[in-house]
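Chemist: here is my input, please return the structure:
(one chain, ligands or ions: 1)
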Amino acid sequence: MSLAEKLTRNNIRDLVPYASARRSMSGGRIWLNANESPYANEYQLDCSVLNRYPDFQPASLIQAYADYAQVEKEQVLASRGADEAIELLIRTFCEDDDQILICPPTYGMYAISAQTCNIGVKKVPLNSDFTLDLPAIEAAKDKVKVVFICSPNNPTGSLVAPQQLKAVLDIFKGQAIVAVDEAYIEYAIETSVASWLNEYDNLAVMRTMSKAFGLAGIRCGYTLANADIIQAMSKVIPPYPISWPVAQIAVQALSANEPDSGLVRMQQQLQQTMVQKQRIVEALEKLEYVYEQVPSASNFIMFRTEKKKALFETLVEAGILIRDYSSQIMLDNSLRISVGSEAETDALLSVLNEFK
Ligand code: PMP
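Modeler: Purely as a prediction, here's the structure:
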């Protein structure tokens, strides 16, 4: 055993370093496995400031997030992706034998972040129709300090109904933070709960620039919550988390004033994604080897096929990478496809239609 292994904390010894979304196919051309945007945009950079540390929370970026989400700037914290926000919530609010609560199948980083922080994870699986099991959540509430609910949920694409979210906020009133992960909210913006912040002091909303805004490469996310929650998280986030280039790019992506502004472009690209998504949904409906697809409120689609292994491999041979979820709880035979560009969808559909 190496010295490093000997000294490594017990609870993280069996973890493996995070593998890139590109890991399993160095030669792949079409990446439909990480729910990214297929569109890259151009940005201007001012390098004259790069010799200086950035602001702890760049003022123009915080204002841009606040304007976009229609909240106060004291209700915003910028972080390196939503992933950092997940960890910050756990590190800020959980200690000793506190626990987080998650509802699988859902995004994997909640449990991984808890494990790296030595915090226990209570799992209350979704119902078979992917709604929340409220009585089971209520029964599991002891010792819970942070609840993670993802809507639209990754990997299923399903939405959590507002009445269910309100019920969870009420169950944990005065006890725990309910963190609603809105990473994919642009695809279902009318369902955002950001406007509930003044009503619920235990609500935190996580957002990201990685999906609809097409900025996964700059690692940029944010949390919306009441000013006290934001203050508490600010004590834990390391100094200078947002570099100048990241702040500059994100501000341009959120700008709303000119006809070709970042927000207008995002909305146009989102419309194109919806068109391609519809093509994939219709194609999957006609395929005999697909026996179910989950109605998706996002930019990815989960479906079930008995031939998942062969289909996955056939797509890889064609240079197309999707994601296999079939080993996860409630997701037997499930594959997930992220919606790409028109050309990527053409390539995908030609393989799907020929596969027997
Ligand atoms: N939440 C969900 C549900 C996600 O799918 C992802 C990205 N895969 C994240 C959070 C993390 O996003 P970011 O790139 O901002 O860290």
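
Chemist: so who does residue 43 touch?
Modeler: By CB atoms under 8 Å, 6 or more residues apart in numbering, the residues touching residue 43 are 248-249, 252-253. Any C-beta I mention is one placed from the backbone N, CA and C, and that applies to glycine too.

Chemist: how about whichever residue of the stretch 51-200 of the chain sits closest to the ligand, what does it touch?
Modeler: With CB to the nearest ligand atom, the shortest gap between the stretch 51-200 of the chain and the ligand falls at residue 81, namely 2.5 Å. The contact partners of residue 81, by CB under 8 Å, 6+ apart, come to 208, 210, 219-221.

Chemist: list buried residues within the contacts of residue 43.
Modeler: Neighbour counting by 16 or more other CB atoms under 10 Å classes 248-249, 252-253 among the contacts of residue 43 as buried.

Chemist: returning to what we had before: return the member of the contacts of residue 43 nearest to residue 159.
Modeler: Residue 159 has its nearest neighbour among those in residue 253, at 24.7 Å by CB to CB.

Chemist: now that closest one: which helix or strand?
Modeler: Assessed by DSSP states H and E, residue 253 sits inside helix 244-254.

Chemist: what packs against that helix?
Modeler: For helix 244-254, the elements it packs on are helix 59-69, helix 262-286, judged by 3 or more CB pairs under 8 Å, 6 or more residues apart in numbering; DSSP states H and E.

Chemist: for residue 29, which of those is the nearest?
Modeler: Checking the helices and strands packed on helix 244-254 against residue 29 by CB to CB gives helix 262-286 as the closest, at 16.7 Å.

Chemist: other SSEs contacting that closest one?
Modeler: Here helix 262-286 touches helix 244-254, strand 290-293, strand 300-305, helix 342-354, going by 3+ CB pairs under 8 Å, 6+ apart.

Chemist: ranking those by burial, who's on top?
Modeler: strand 300-305 (a mean of 23; mean count of other CB atoms under 10 Å).

Chemist: tilt between that strand and helix 262-286?
Modeler: Strand 300-305 runs at 10 degrees relative to helix 262-286, counting by axes from the mean of the first three to the mean of the last three CA atoms, to 10 degrees.

Chemist: tell me which helix or strand comes right after strand 300-305.
Modeler: Remark: after strand 300-305, the chain's next helix or strand is helix 308-317, criterion DSSP H and E.

Chemist: show me what that next one is packed against.
Modeler: Against helix 308-317 (3+ CB pairs under 8 Å, 6+ apart) you get strand 323-324, strand 334-338, helix 342-354.

Chemist: what lines up beside the very next helix or strand once past that helix in the sheet?
Modeler: Remark: after helix 308-317, the chain's next helix or strand is strand 320-321, criterion DSSP H and E. Paired with strand 320-321 in the same sheet, following DSSP bridges, are strand 30-31 (parallel).

Chemist: give me the contacts around the strand it pairs with.
Modeler: Contacts to strand 30-31, defined as CB under 8 Å, 6+ apart, come from residues 21-22, 319-321, 338, 340, 344, 347-348.

Chemist: repeat that for 6 Å
Modeler: When contacts are defined by CB atoms under 6 Å, 6 or more residues apart in numbering, strand 30-31 is touched by residues 319-321, 344, 347.

Chemist: out of the residues you listed, the closest to the ligand would be?
Modeler: For the contacts of strand 30-31, the closest approach to the ligand (CB to the nearest ligand atom) belongs to residue 321, at 14.7 Å.

Chemist: who does the closest one bridge with?
Modeler: Taking DSSP bridges as the rule, residue 321 bridges to residue 31.

Chemist: surely it and residue 33 touch.
Modeler: Yes - Residue 321 is within contact range of residue 33, at 4.5 Å (criterion: CB atoms under 6 Å).

Chemist: so what's the residue count around the residue nearest to residue 192 when sequence neighbours are not counted?
Modeler: Once flanking residues are discounted, residue 192 sits nearest to residue 185: 5.1 Å by CB to CB, 6 or more residues apart in numbering. Residue 185 has 25 neighbouring residues, counting by other CB atoms under 10 Å.

Chemist: then residue 55?
Modeler: Residue neighbour count, defined by other CB under 10 Å, stands at 15 for residue 55.

Chemist: which ones are touching residue 326?
Modeler: Going by CB under 6 Å, 6+ apart, residue 326 touches 308, 332-334.

Chemist: now, the most widely separated pair of the residues you listed?
Modeler: The span of those, defined through CB to CB, is set by 308 and 332 at 8.9 Å.

Chemist: thanks a lot, catch you later.
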